[in-house]
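Asker: Could you look at this predicted model? Sequence included:
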Amino acid sequence: MNVLKMTNIKKSFGDNQVIKDISLSVDKGEVVSIIGPSGGGKSTLLRCATLLEKVDDGIITYMGDDVTYKNEKGHLCYSKNLKKFRQVFSLVFQNFNLFPHFSVLKNVMDAPVSALGRDKKEVKEECIKLLEKMGLSEKANSYPCELSGGQQQRVSIVRALAMNPDILFFDEPTSALDPELTGEVLKVIKQLAEEKMTMVIVTHEMAFARAVSDRVIFIDGGVIVEQGTPEEVFSDTKNERTKQFLQNYNN
Amino acid sequence: MALSVMIEKMSTGFEKTCSIFFLTLLFALPLGVVIALLRMSKSFVISRITQLFVSVLRGTPLMLQLLAVTYGPFYLFGTSVSRNKLIPVVIAFSINYAAYFSEIYRGGIESISVGQYEAATILGYSKMKTFIRIILPQVIRRILPSVTNEIVTLVKDTSIAFTVSYQEMFTIGKQIANSQTSFTPFIVAGVFYYVFNAIVGFVMGRAEKAMSYYKQ
Amino acid sequence: MKKLIALLLATLMVLAFAGCGSDNGNNSGNSAGRTFIMGIDAEYPPFSYMNDAGDYAGFDVEICKAACELLGWKFEVFAVNWDQKLIQLDANECDCVWSGMTILDSMKEAGYVISTPYFDNTQVLLVKSDSGINSSSDLAGKAVAVQLGTSGEALLNGDLAELKDTFGELVTCDSFLKCFTELEGNAVDAVLVDYPVAKSYADSKGDSLKIINEELGAEQYGIAFRKGDNDTCKAIEEAVQKLVESGKYAEIASKDEYKEIVNNLIFLNNK
C-alpha cells in the first residue's frame, strides 16, 4: 500500500506557479530522494505534503485516506480531521527548529505527552532509548544552545521519530550544517534507511542520495523531469536538464 | 511632627499604594495578552479597532484616563461617583498598563521565528498548546527587561491616584507637607518609592536570571 | 567624542548663564519697571480664576494688577500648584502668593513675610439639600471632602480635629471642582469650604445644594512673600492702601461678580 500518494498537485504563490503538476507515491519502507535546483519546487512540494502549505489543486492521500477531496461542486476541500493525518508523518527541518527553552529530553518527549496525551513514563523510556541509539544519551539534559549543529539535527530527528510516524520527511537536513558535521547526520539517516523507515528526503547531497535511496526524483520548473533508481538517474541519465544539473553539481 | 510619626502615617498610605500596584499587575498582565492577540487578529476590523484603542490609551495621560473613569460616568449619565476610589483607580491603571504591556507582548510574539510555529504544528500541538507551551515561555524570556521597565514606572505612577483623591502614600505625604509647611514628607516619599523599586528590581533581576538558562 | 562633550558642556553653561540673567532681570529690587509675578490658584473664584475668555481674572488679580500699575511694575500671573505654593514661591516661580490664601501660624513660623489681612473668611459645610444634614454633628460616620492645602483642611487638622475624628472618611481633593463633583456624585456627603466659594457654587446649582448655617472657623486671608522680602510686601501694602483711599478698591469690589465677598473685605468694612 502507498503510505503517501499525491496526484496532480498544483500550487502557486501569487502569479508564480511553483508546482505545475506533480504526482508521486511512496511505498512502505521506501526511501525517496528529491533533487533539483533551488526554486524548482522541491521544498514547496514537501511543505504541501506536510500540510504546512495548502495545495491549490490535487489529491493528497495518506495510508489510503484522503486529506484533500473534491466536493460536489468540484471545489477542493481539506479534511476536517487534519490532526489524525499529522500523526502519520513527521518532518525534519533544515534549521532544526528545536524548542530552545526545553532540554533535549523535553524537546523529544513533550509532543507525544502533551500533544498526543500519551503516558509520560512510557514515552520517557522510549525517548531515552532513542537518544541512546543516536548516541545522544549524555546530552539528554542539555539545552539545544549547548549542542553543535550536527547534534541539534540528530535531536530533531529523534524528536520526529518519537512521534512514531509512518513516514518521515527531511527538508535539506544538512544544508544548515558545516561540511564536517554533515556526516554524522547522514549516518543516522542511513541507519534509519537500513531499518526500513519510510522516508522522503529533499537534499543537495548527491552521493548520499545515490547511496541511500530506492528511488530518486529530479524536480525542476514545478514538474518531475526524471525519476528512477539511483543507477538510472545518476549513471544512465536520459533527460538533458537532469544531465546539466548533475554536471554542474559534479563541477 | 516627629519623623517617626510622619513615616507611620505615610505607611498607612503605603498599603494603598501597594494595593494599586499589585491589583494593577494582576489584571493588566493577562489583559495585555488578550489585547495583543486581538491586535494581531487576522480580522482587519478587530485589529484596527484594537490598534486605535491602544493608541488612545498610550497617547493620552494616565491622569486624564483616571479622571474619565472616575468622574466620566457621573458627568455623562449622572450615575454616582464611586466611594471606594480603589475601584476606578485599579480599572484605569489596569487598562492603561494593559495597553502598554500588549505592545511589549506583541513585539515579543512577533520576534519568535515562524519555524517554532511550524515545528509545533508538525508535532501535533493545538494552537492553544503551541502558544502556551512553546511561544509564551520564549516571549516572556525576551520581554522581561521591557516589562521590568513598565513595572518600575507603575510604582511611581501610583502617585497619580491622588488626582481622584485616593489616599495613597503620596497624597498623605502632600497633606503632611501642607499642614507642616515642610519638605520632609516628599523626601520620605522618595525613599519609599526608591526602596520599593529596589525590591522590584531585585525580584525582576532574579526572574531574568532564572530564565536565562538557555541562550536565545 | 571629546569635542561633542565639550560642545554639550558649553551649551549647558550658556543656558545656565542665560537662566541667571533672566532671574536677575525679574528680581532686581523694587525699582519701577521690575516684573512682579503674582502666584494664584487658578481655580478659586471669585478671588482668582480663569474667565470665559481664558484670561486670569478675579478680585485678587484685579487688585494686584491695579497695585502694580501704581508702582510702575510689570504685572504677570503664575498659576501655582496650590498644595505646593510656598515651595514654588521659594523657587522664585512667583513673587507672592495672593489668592484667597488663609494666613496660617505655620507660615509665619517658617519665616514667610505675610501682609496685613484683607479678608475675613468663614468655613462652612456645603451639603445636598435633601441630605438631611443640618449641622456638623450630623456628620458622624459620613464622608467629607476638603481641598488639599486650604484653610478648611488646616482647620480639620487643628481646631476641628475632634470633629474630623467623627467623620467616616475624609477625602482630600486637589481642586474645589473635584470636591463638588464628589458631593454631587454622592461619593461624599459634605464639603468643608470657604464661604464665598460655597455660596457662589450653591447659587449656580439652584436649590440642589445648601450651606449649613454654622460657622466652623473664622480665618483671614493675606498675601505671602518670600522670607526676608519685607520691601516688596511693604510696597504692595502701601499701593493697596492708596487704592483704598482713592476709591478704586471699592470700585473693583462693587462689581457684581464679587457680591459674595464684598462684606468680608476688611479694608472696606473697617472704614
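Answerer: Sure thing, it's come through.
Asker: tell me, what residue is most central in chain A?
Answerer: Centroid check for chain A by CA atoms, centre = their mean gives A:Phe169 as the closest residue, at 1.4 Å.
Asker: Grab the nearest non-local neighbour of the residue located most distally from the centre of chain B.
Answerer: In chain B, B:Ile122 marks the outermost C-alpha relative to the chain mean, sitting 36.7 Å out by CA atoms, centre = their mean. Leaving out its chain neighbours, the residue that sits closest to B:Ile122 by CB to CB, 6 or more residues apart in numbering or on different chains is A:Leu91, at 4.8 Å. For every residue, glycine as well, the C-beta is placed using N, CA and C.
Asker: Please, which helix or strand holds that neighbour?
Answerer: strand A:89-92 (DSSP states H and E).
Asker: on that earlier part again, what number of residues lie near the residue nearest to B:Ile122?
Answerer: 27 (other CB atoms under 10 Å in any protein chain shown).
Asker: That one pairs with what?
Answerer: A:Phe169 (DSSP bridges).
Asker: That one reaches A:Leu46, doesn't it?
Answerer: Yes: counting by CB atoms under 8 Å, A:Leu46 is a contact partner of A:Leu91 at 7.5 Å.
Asker: For chain C, what's its nearest residue on chain A.
Answerer: A:Cys145 (35.6 Å; CB to the nearest CB).
Asker: so what pLDDT did residue 69 get?
Answerer: Picking chain A for this. According to the prediction, A:Tyr69 has pLDDT 92.
Asker: was after chain C, sorry
Answerer: 94.
Asker: Who are the contact partners of it?
Answerer: C:Phe75 (CB atoms under 8 Å, 6 or more residues apart in numbering or on different chains).
Asker: What strand or helix carries it?
Answerer: Per DSSP H and E: C:Glu69 is located in helix C:59-71.
Asker: got it, and B:Val90?
Answerer: Using DSSP H and E, B:Val90 sits within helix B:86-110.
Asker: Can you mark which positions in the lengthiest helix in chain A are buried?
Answerer: For chain A, the helix with the greatest residue count under DSSP state H is helix A:179-194. For helix A:179-194, burial by neighbour count (16 or more other CB atoms under 10 Å in any protein chain shown) applies to A:181-182, A:184-186, A:188-189, A:192-193.
Asker: got it, and stretch B:22-33?
Answerer: Buried residues in stretch B:22-33, counting neighbours by 16+ other CB under 10 Å, are found at B:23-25, B:27-29, B:31-33.
Asker: a markdown table for those residues, including pLDDT and secondary structure?
Answerer: Listed next are the buried residues of stretch B:22-33 as a markdown table, based on pLDDT from 0 to 100; DSSP: H, G, I helix; E, B strand; the rest coil:
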| residue | pLDDT | secondary structure |
| --- | --- | --- |
| B:Leu23 | 97 | helix |
| B:Thr24 | 97 | helix |
| B:Leu25 | 97 | helix |
| B:Phe27 | 98 | helix |
| B:Ala28 | 97 | helix |
| B:Leu29 | 96 | helix |
| B:Leu31 | 97 | helix |
| B:Gly32 | 96 | helix |
| B:Val33 | 94 | helix |
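Asker: Could I get the phi/psi values of C:Tyr49?
Answerer: phi -170, psi 170 (degrees, to the nearest 10).
Asker: For stretch B:147-166, give the mean pLDDT please.
Answerer: 93.
Asker: could I get it in PDB with only the CA atoms?
Answerer: C-alpha atoms of stretch B:147-166 as PDB (Å, rounded to 0.1, in the frame of the first residue of the first chain):
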ATOM      1  CA  VAL B 147       8.200  44.600  31.400                       C
ATOM      2  CA  THR B 148      10.500  45.400  34.300                       C
ATOM      3  CA  ASN B 149      10.800  49.000  33.000                       C
ATOM      4  CA  GLU B 150       7.000  49.300  32.900                       C
ATOM      5  CA  ILE B 151       6.700  47.900  36.500                       C
ATOM      6  CA  VAL B 152       9.200  50.400  37.800                       C
ATOM      7  CA  THR B 153       7.200  53.100  36.100                       C
ATOM      8  CA  LEU B 154       4.000  51.700  37.700                       C
ATOM      9  CA  VAL B 155       5.500  52.000  41.200                       C
ATOM     10  CA  LYS B 156       6.000  55.700  40.600                       C
ATOM     11  CA  ASP B 157       2.700  56.200  38.700                       C
ATOM     12  CA  THR B 158       0.700  55.000  41.700                       C
ATOM     13  CA  SER B 159       1.000  58.600  43.000                       C
ATOM     14  CA  ILE B 160      -1.200  59.800  40.200                       C
ATOM     15  CA  ALA B 161      -4.100  58.200  42.100                       C
ATOM     16  CA  PHE B 162      -4.100  61.400  44.100                       C
ATOM     17  CA  THR B 163      -5.900  63.000  41.200                       C
ATOM     18  CA  VAL B 164      -9.100  61.300  42.300                       C
ATOM     19  CA  SER B 165      -8.500  61.700  46.000                       C
ATOM     20  CA  TYR B 166      -7.400  58.200  46.700                       C
END
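Asker: quick one: low-confidence parts of chain B?
Answerer: For chain B, no stretch is flagged by pLDDT under 70.
Asker: wait, what's in contact with the residue nearest to the centre of chain A?
Answerer: Shown in contact with A:Phe169 (CB under 8 Å, 6+ apart): A:46, A:49-50, A:89-92, A:199-202.
Asker: pLDDT score assigned to C:Lys3?
Answerer: Here the pLDDT value assigned to C:Lys3 is 57.
Asker: What of the one 5 residues further on?
Answerer: The model reports C:Leu8 with a pLDDT of 56.
Asker: Count the residues that sit near B:Thr148.
Answerer: 17.
Asker: Just the element for the residue nearest to A:Ser137 when sequence neighbours are not counted, please.
Answerer: Residue nearest to A:Ser137 in three dimensions, not counting chain neighbours: A:Leu131, with 5.2 Å by CB to CB, 6+ apart. Using DSSP H and E, A:Leu131 sits within helix A:120-133.
Asker: quick one: contacts of that helix?
Answerer: For helix A:120-133, contacts defined as CB under 8 Å, 6+ apart pick out A:104-105, A:108-109, A:112-113, A:137, A:139-140, A:155, A:158, A:161-162.
Asker: downstream neighbour of it in the secondary structure list?
Answerer: helix A:149-161.
Asker: just checking, what packs against that following helix?
Answerer: Under the contact criterion of 3 or more CB pairs under 8 Å, 6 or more residues apart in numbering or on different chains; DSSP states H and E, helix A:149-161 touches strand A:89-92, helix A:104-110, helix A:120-133, helix A:179-194.
Asker: which SS class is the residue in chain B positioned nearest to chain C?
Answerer: Closest contact between chain B and chain C, by CB to the nearest CB, is at B:Val81 (3.0 Å). Put simply, B:Val81 is coil when judged by DSSP: H, G, I helix; E, B strand; the rest coil.
Asker: Could you do A:Asn164 as well?
Answerer: Assignment for A:Asn164 (three-state DSSP): coil.
Asker: so how far is B:Leu25 from B:Val147?
Answerer: From B:Val147 across to B:Leu25, the span is 10 Å (CB to CB, to the nearest Å).
Asker: contacting residues around the helix or strand that contains A:Ile59?
Answerer: Taking DSSP H and E as the definition, A:Ile59 sits inside strand A:57-62. By CB under 8 Å, 6+ apart, the surrounding residues in contact with strand A:57-62 are A:2-10, A:22-23, A:48-49, A:66-70, A:76, A:85, A:88-89, A:166-167.
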